[in-house]
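In: this one's sequence-less:
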């Protein structure tokens, strides 16, 4: 019997950061893989997720390797790192995701996607700093929603909700799920796949297998690896984020903050309209 092949693409969320097992990470995708088929049926799982990956990295580095294994199911969960870069461009994000989604569905794979909460809120940043990041993440989520519908993806809405807001679901850095959170991602994806008749294996366990990290262990992580993670991103984003925050404050003082939201909405609409024009040109 040919094994069911599952390829997971994305960033640190897919890599499994926040769910340590042994010397590495496990994560929601590995937990989901165990529930895709009955215990006596083979599942071939390939995790291409890499911490820090952006949509460009997924398109240029992960997609070729994933297509080579000809997956039956392919998950693409990415975009948060794009919002944390000074080079953020929603049109480019939309074009890349469109190409990635088309590559897998064109090969006959079932596509899994997810929208995610904005990093500013998760980190508890002040409003003027959090709002620009939230606006960017909403733009990415809008693109993911639209393209998921276009390609018939199995889509998990993870941008909001009680389970997303529950602090117990997240690790010390507040950006990556802990084991409990990864299990919720796996559990909810599994439920969607069962509903679609695409998963026949055991339901992932919701309760953690390992004790949750102690407060001292969490603080140690933040003081070592976590500090490095934040520093690498702040070097790239901070100057622009300060500028975005200053613009945010000016608009709020003038009572014109709605213009920023409208501009973001127009950018998303233009990005999606551009993809539609390209599609029509391809058909012609």
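Out: Sure thing, it's come through. Computed from a predicted structure; not experimentally measured.
In: Chain neighbours aside, what residue packs nearest to residue 53?
Out: Leaving aside its sequence neighbours, residue 53 sits nearest to residue 11 (Cβ to Cβ, 6 or more residues apart in numbering; 4.2 Å). For every residue, glycine as well, the C-beta is placed using N, CA and C.
In: Ok, residue 140 next?
Out: residue 79 (4.1 Å).
In: Thought residue 114 was touching that neighbour, still the case?
Out: No: contact criterion Cβ atoms under 8 Å: residue 79 and residue 114 do not qualify, at 9.4 Å.
In: can you tell me which residues contact the residue nearest to residue 202 when sequence neighbours are not counted?
Out: Once flanking residues are discounted, residue 202 sits nearest to residue 35: 5.3 Å by Cβ to Cβ, 6+ apart. Residue 35 makes contact with 186, 190, 199, 201-204, according to Cβ atoms under 8 Å, 6 or more residues apart in numbering.
In: and those, which of them are in helices?
Out: 186, 190 (DSSP state H).
In: Please enumerate the strands of the stretch 101-250 of the chain.
Out: Counting by DSSP state E, counting those that start in this stretch, the stretch 101-250 of the chain has strands at residues 110-115, 154-157.
In: Nearest to residue 100 among the ones you listed would be which one?
Out: Nearest of these to residue 100, taken as Cβ to Cβ: strand 110-115 at 9.1 Å.
In: contacts for the closest one?
Out: Outside of strand 110-115, the residues within contact range by Cβ under 8 Å, 6+ apart are 72-77, 101, 104-105, 140-141, 144-145, 147-148, 151-159, 185, 189, 193, 198.
In: any idea how far the residue nearest to residue 53 is from residue 96?
Out: With the distance defined as Cβ to Cβ, to the nearest Å, residue 11 ends up 13 Å from residue 96.
In: Same question for residue 143.
Out: Taking Cβ to Cβ, one finds residue 143 at 10 Å from residue 96.
In: re the thing from before, how many neighbours does the residue nearest to residue 53 have?
Out: Number of residues near residue 11 (other Cβ atoms under 10 Å) recorded here: 24.
In: Is it correct that it is in contact with residue 56?
Out: No: using Cβ under 8 Å, residue 11 is not in contact with residue 56; the gap is 11.6 Å.
In: Please, where are all the helices along the stretch 101-250 of the chain?
Out: Here the stretch 101-250 of the chain has its helices, by DSSP state H, counting those that start in this stretch, at 119-123, 127-150, 162-165, 179-195, 215-221, 227-254.
In: and of those helices, who's closest to residue 46?
Out: Among these, the nearest to residue 46 by Cβ to Cβ is helix 179-195 (16.3 Å).
In: ok, and for that closest one, which residues are buried?
Out: Neighbour counts over helix 179-195 (16 or more other Cβ atoms under 10 Å) mark 179-190, 193 as buried.
In: With stretch 85-97 instead?
Out: Here stretch 85-97 shows 88, 90, 93-97 as buried, counting by 16+ other Cβ under 10 Å.
In: what does that stretch contact?
Out: In this structure, residues lying in contact with stretch 85-97 by Cβ under 8 Å, 6+ apart are 54-56, 58-59, 76, 78-79, 82, 136, 139-140, 143-144, 147, 236-237, 239-240, 264, 267-268, 270-272, 274-275.
In: repeat that with 7 Å
Out: Residues outside stretch 85-97 that contact it (Cβ atoms under 7 Å, 6 or more residues apart in numbering) are 54-56, 59, 79, 82, 136, 139-140, 143-144, 147, 236-237, 240, 267-268, 270-272, 274-275.
In: Please apply the same query to stretch 193-204.
Out: So stretch 193-204 is contacted by 31-32, 34-39, 110, 154, 183, 186-187, 190 (Cβ under 7 Å, 6+ apart).
In: Now it: average pLDDT?
Out: Across stretch 193-204, pLDDT averages out at 97.
In: Now do the end-to-end distance for that stretch.
Out: Chord length of stretch 193-204, first to last residue, is 12 Å (Cα to Cα, to the nearest Å).
In: Same question for it: list its buried residues.
Out: By 16+ other Cβ under 10 Å, the buried positions in stretch 193-204 come out as 193, 198-199, 201, 204.
In: next one: stretch 29-44
Out: For stretch 29-44, the buried set under the neighbour-count rule, 16+ other Cβ under 10 Å, comprises 29-37, 43.
In: Right, I'll call it a day here.
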